[in-house]
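**Q** Okay, predicted coordinates and the sequence, questions at the end:
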Amino acid sequence: MALPQKIRGVKMGKVARQVVEEAGVDVDGLIELLVKNAAAELTTYYYYTILRTNLIGMEGETLKEIAEVARIEDRNHFEALVPRIYELGGELPRDMKDFHDVSGCPPAYLPSMDVKDILKVLVEAERCAVRQYTNICNMTAGKDHRTYDLALAILHEEIEHESWFSEFLGEKPSGHFMRKGETSPFVSKFLR
C-alpha cells in the first residue's frame, strides 16, 4: 500500500511537532519549558551528589538514602526529557554553562554543612520541580498526550521527593513512604 503524498518523506520530529501545534499548544514555549526542566534535573543531580556527600553524622546518614534515590531519579528525569525535546524539534544548549543557567529552578547549592540547611535546599528544589511539572501538565492536558504522560510521571516522583524531605523537616506526615529497591517507578517506562 502506497502512502499518501503528504505523508511520504515526513520526518517524525515534524509530525510530532505538527500534531501538538494543531492541538493548540505553543510548541516553542513547551520546548523552552522542557529544556529548562531538563537543565534543572541535570543540575539538581549534580548538586544532590555534592549534598549527599555532605550528609554525615547520625542525622545525615538517615537522610543519605532518600537523597540518593532523589538524585538518581532526577538523573532519570533528565534522560527521559531529552528525547521528547528532540521529538518536538528542540535541542539542548551545546554549552554546559548556558544549559546550567537556563535551569527552570534555582540551583541546589550547598548552603552549609548543617543537615537542616541541606534539607531546606532539598525540599525547595523539589517544590520548584512540582510547580514546573504541574505547569507542563496544565499546558499539555488533552492536547499533547506524550508530553503530558511524561510530565505527569515525573510529577508523581517529584511529589514523593518533596514529601520525604518535608517530613524530615517536621512539616507533618505526608502519607508517602520510602520506596525500597526501586527507582523511578513512574518514569521507568520512558527509559526503555
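**A** In hand now; what should we look at?

**Q** only C-alpha atoms for contact and neighbour calcs from this point on.
**A** OK.

**Q** which stretches of the protein form strands?
**A** Listed in chain order, the strands found in the chain under DSSP state E amount to none.

**Q** max-length helix in it?
**A** Once the chain is assigned using DSSP state H, the helix that runs over the most residues is helix 57-87.

**Q** Now for the one residue sitting closest to the centre of the chain: which residues touch it?
**A** Centroid-nearest residue in the chain: residue 77, 4.5 Å away (criterion: CA atoms, centre = their mean). The neighbourhood of residue 77, defined by CA atoms under 8 Å, 6 or more residues apart in numbering, consists of 38, 41, 154, 187.

**Q** and the second one, what is it in contact with?
**A** Residue 41 makes contact with 74, 75, 77, 78 under the criterion CA under 8 Å, 6+ apart.

**Q** What of the third one?
**A** For residue 154, the set of contacting residues under the criterion of CA under 8 Å, 6+ apart consists of 77, 133, 186, 187.

**Q** So the residue lying closest to residue 69 once chain neighbours are set aside versus residue 161, what's the distance?
**A** With sequence-adjacent residues excluded and distances taken as CA to CA, 6 or more residues apart in numbering, residue 69 is closest to residue 183, at 6.5 Å. In this view, residue 183 and residue 161 are 12 Å apart by CA to CA, to the nearest Å.

**Q** more neighbours, these two?
**A** Neighbours were tallied for residue 183 and for residue 161 using other CA atoms under 10 Å; the higher tally belongs to residue 161 (28 against 16).
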